Structure formats: C-alpha cells, structure tokens
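Participant: here's a sequence, model it:
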Amino acid sequence: EIARELDLDGLQLLTPAQVASVTGLPVTITNKKISLGLTWAEIGSVFRLPGYASPEQFLIAGIVTGVRVVGTEMDFLRPAEQQRPGSGAAFVGAAHSLGMRAFADPANSEADWNFFASLGVDAIYSTIPMGATLQPTIPGT
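Facilitator: Purely as a prediction, here's the structure:
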C-alpha cells in the first residue's frame, strides 16, 4: 500500500498577491467543487495549488483527506524557524501527534540535512548522494 502524502510548499502560505510577486506569474483564484474550505489558485499555466491560512489548516486538511505522511520543504521550514525558533520542530511534533510522519526536502548540503534532522523529521529527501553517508545506520545490518 502506498501511503497518501500531502505536501506543503512555502508558496501555499502566501496571499495570491504575494505568490504573483514571488513567482512573476499570474495568479487566478479557481472555484473547486470540493475545496475543503481552501483557496485554490492557478499559478501561470502550469501549477494549481491550494492555499492555506496557516500550517494548522494544512494539518487539518491532512486529517480530512486521510494522509499518513506530510511533506514539508525548505522554503517553509527555514523561514518558519528564522521567524519563530522552534516552530519547525513544533510543526513536526504536531504531525506526529496526529499519527502522521513528516518528510522534508530538499537537503542540498550537509547543513540542510542536519537542519532537517534537528527538527525530528522521519525522512529527508536529498538531491545529491551525500544523504547515504549522513543517514543513521539501519538497525540489524
């Protein structure tokens, strides 16, 4: 069975005007029949994303949709930690308390890897092979 995963990108916590400013792409609010109370938007001609009012609303969407894994990205976790130290670990802890695993990406350096590991995530996606040398030893091998 493949676990259902819901991912949070830093863009999804911004207003439509902020998304347009950051991406340089037009943002069009769309009306979805099953919106889950979220604001959905098309960003340019390629992306369609839900917008969340807060990380808590994201986790509630995860509960409603029955996910077992929440994925978070550096562009969410790093600014969260810079603005309010401890908030990244609190987000991971909240996901765990709801029975979800928390994955993080991308780890592009050893510092990124160590940052994610310090938050208590369950898995780290890496864009370079260094992850194999930084992960803990698998018990019983």
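Participant: CA atoms for contacts and neighbours, from now on please.
Facilitator: OK.
Participant: and the residue nearest the centre of the chain, backbone torsions?
Facilitator: In the chain, the residue lying closest to the centroid (CA atoms, centre = their mean) is Thr72, at 2.1 Å. Dihedral pair for Thr72: phi -130, psi 150, per degrees, to the nearest 10.
Participant: right, and it touches Ala107 too?
Facilitator: No. Using CA atoms under 8 Å, Thr72 is not in contact with Ala107, being 11.6 Å away.
Participant: mutual contacts of the two, please.
Facilitator: Common contact partners of Thr72 and Ala107 (CA atoms under 8 Å, 6 or more residues apart in numbering): none.
Participant: please report phi then psi for Ile128.
Facilitator: Dihedral pair for Ile128: phi -130, psi 160, per degrees, to the nearest 10.
Participant: do you know the pLDDT at it?
Facilitator: Model confidence at Ile128, expressed as pLDDT, equals 71.
Participant: residues in contact with it?
Facilitator: Ile128 touches 107-108, counting by CA under 8 Å, 6+ apart.
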